[in-house]
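> here is my input, please return the structure:
(one chain, ligands or ions: 1)
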Amino acid sequence: MSTYRSVKGMNDLFGDEAAGIIGVEQVFRRLAGTYGAQEVRTPILESKQLFVRSVGEGTDVVGKEMYAFTDRDGSELVMRPEATASVARMVVQHNLLHTDPKLRVFYAGPMFRRERPQKGRYRQFHQIGIECFGEASPVADIEVIALAHSLLLELGLDDVVIELGNVGGADCRPAYLDKLNSFLAQLGDALPEAARETAARNPLRLLDSKDALVQELLAEAPLPMDHLSASHQAHHDALLSGLQALGINVRVNKRMVRGLDYYCGPVFEAITQKLGAQAAVLAGGRYDGLLKAVGGADCPAVGFAGGSERLLLLAQSQRQTRSRTLGCYLEKEPVNLGVAAAPGANINDLLKFVTALRSAGVRVASDLSGRSLKAQMKALHRSACAYVLVLGETEFESNQAALRRMADGTTVNISLDFDTVLKAVLED
Ligand code: HAM
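Here you go, the predicted structure:
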């Protein structure tokens, strides 16, 4: 066993898993591009205050799960637990809405949350996500959900249900919270201690509590979706009608609250039964107040992020229906040509030969470190090359070599002219 092991909940990605995560990202990259979004990358480290102000101090993500530390100059830094706040900061810092008031950006990358690791839940995980700014109309919510829907379809995840909730906004939240708080006050000591603490910090969170007793006690609680202002209700109705027009089925979940404070209005989650407690494979919603909260102008915004590992786990569990799109990333790229050095070969000639082929896009396997021809051939067999060339002084002098086709063992003599070799090995 090696002395050093990866940090708990933080996984090395290699083989099929690395290819699969890259595949999920590539599928998303292509789809997000069709919605006019440009790819961005923000730093992993951000100021702690950014997430306290946006995601909210009372949330688990900020209150309990952030990797935080004090830098040498005394600044309080964290490893980003999510990217929406980072993107909002970037948009404000660089005044990006000045040149494009309807900016759409997408990202793919690692996020960090110190949760209890289990299948589908890690301390370093990857998200793909999109954020759309400057669009108050429900059309933006519809397009964001349509993108999420096509991602699920492309990955072959047809038994995932998109749930839609609505947490209301500034014009309905205070009155609703008053109602909820008086309902909770009536319950008094019947609520367990921990639930009372949650009620004091963030009463909305009790609505999706996993505690059976709390669920029972709150069965008749007032729900945000039943207390929307006229404008939020109209927005929600238009959203539902747009989704229906696109043939996208959603299940309304009036109890959905989400674990991040910046949402207002519609919120959604794509839910699976196949990953145990880690049911959400992607989630998002509208967050019109976030840009202002991080120092920008008032600006409507909506987006979502998906957990790449969860999307991949699910795609892998559905091998029969798995999308061809993702499958092509999981299949190893074939090696076009294996090159072995004959005894006494001039290694520099060989290096020049294989480097020129690689520059032209040929995948070449070779081991020119001076091992026996037998050992080289064994290694080339393992790497499943389509063709093999054994090159030495004789071949370079005559400019001719025997090209072996590994599928049937046949050989043909070919000229070592660059174009001839290129054509021969890329033929299949
Ligand atoms: P979130 O619900 O916290 O939202 O995370 C989005 C997705 O990331 C989840 O549905 C899940 O698939 C994945 N995820 C979260 N935590 C973990 C974990 N510990 N291990 C593995 N996967 C995980 C957000 O992060 C918002 N920024 C989404 C958003 C974008 N809203 C608007 N724009």
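
> for the residue of the stretch 251-400 of the chain found nearest the ligand, give me its contacts.
Closest to the ligand within the stretch 251-400 of the chain is residue 307: 2.5 Å, counting by Cβ to the nearest ligand atom. Quick note: C-beta positions are derived from backbone N, CA and C, even for glycine. Counting by Cβ atoms under 8 Å, 6 or more residues apart in numbering, residue 307 touches 120, 125, 126, 127, 278, 280, 281, 282.

> between these, which has the most around it?
When neighbours are taken as other Cβ atoms under 10 Å, the top entry among these is residue 281 (28 neighbours).

> just the pLDDT for the residue of the stretch 251-400 of the chain closest to the ligand.
With respect to pLDDT, residue 307 scores 98.

> how about the one 4 residues further on?
Residue 311 is assigned 96 on the pLDDT scale.

> what's in contact with the helix or strand hosting it?
Using DSSP states H and E, residue 311 maps to helix 308-317. Helix 308-317 has contacts (Cβ under 8 Å, 6+ apart) with 17, 20-21, 23-25, 108, 119-120, 122, 125-128, 151, 155-157, 160, 272, 274-275, 278, 280-282, 322-323, 326.

> of those residues, list those near the ligand.
Residues of these in contact with the ligand (Cβ under 6 Å from any ligand atom): 122, 125, 127, 280, 281, 282.

> so the last one makes contact with residue 267?
No - with contact taken as Cβ atoms under 8 Å, residue 282 and residue 267 are classed as non-touching, separated by 12.0 Å.

> in this protein, where is pLDDT below threshold?
Applying pLDDT under 70 to the chain picks out residues 1, 319-325, 428.

> that older thread, distance from the chain centre to the helix holding residue 311, please.
How far helix 308-317 lies from its chain's middle: 11 Å, per Cα atoms, centre = their mean, to the nearest Å.

> for it, output the C-alpha coordinates as PDB.
Taking Å, rounded to 0.1, in the frame of the first residue of the first chain, the C-alpha atoms of helix 308-317 are listed here in PDB:
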ATOM      1  CA  SER A 308     -20.900  15.300 -13.200                       C
ATOM      2  CA  GLU A 309     -20.100  12.200 -11.100                       C
ATOM      3  CA  ARG A 310     -23.800  11.600 -10.400                       C
ATOM      4  CA  LEU A 311     -24.700  12.100 -14.100                       C
ATOM      5  CA  LEU A 312     -22.000   9.600 -15.000                       C
ATOM      6  CA  LEU A 313     -22.900   7.100 -12.300                       C
ATOM      7  CA  LEU A 314     -26.400   7.100 -13.600                       C
ATOM      8  CA  ALA A 315     -25.400   6.900 -17.300                       C
ATOM      9  CA  GLN A 316     -23.200   3.900 -16.400                       C
ATOM     10  CA  SER A 317     -26.000   2.200 -14.500                       C
END
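
> next SSE downstream of that helix?
helix 324-330.

> who are the packing partners of that next one?
helix 15-34 (3 or more Cβ pairs under 8 Å, 6 or more residues apart in numbering; DSSP states H and E).

> elements contacting the helix it packs on?
strand 104-112, strand 124-133, helix 138-154, helix 308-317, helix 324-330.

> can you put these in TSV and add distance to residue 300?
As requested, these are exported to TSV (distance: least, Cβ to Cβ, whole Å):
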stretch	distance to residue 300
strand 104-112	13
strand 124-133	7
helix 138-154	8
helix 308-317	27
helix 324-330	32
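
> figure out which of these is closest to residue 211.
Nearest to residue 211 among these is helix 308-317 (24.0 Å), distances taken as Cβ to Cβ.

> next, the angle from the closest one to helix 15-34.
Taking axes from the mean of the first three to the mean of the last three Cα atoms, to 10 degrees, one finds helix 308-317 and helix 15-34 inclined to each other by 110 degrees.

> by how many degrees do helix 308-317 and strand 104-112 diverge?
Using the same axes, to 10 degrees: helix 308-317 against strand 104-112 is 90 degrees.
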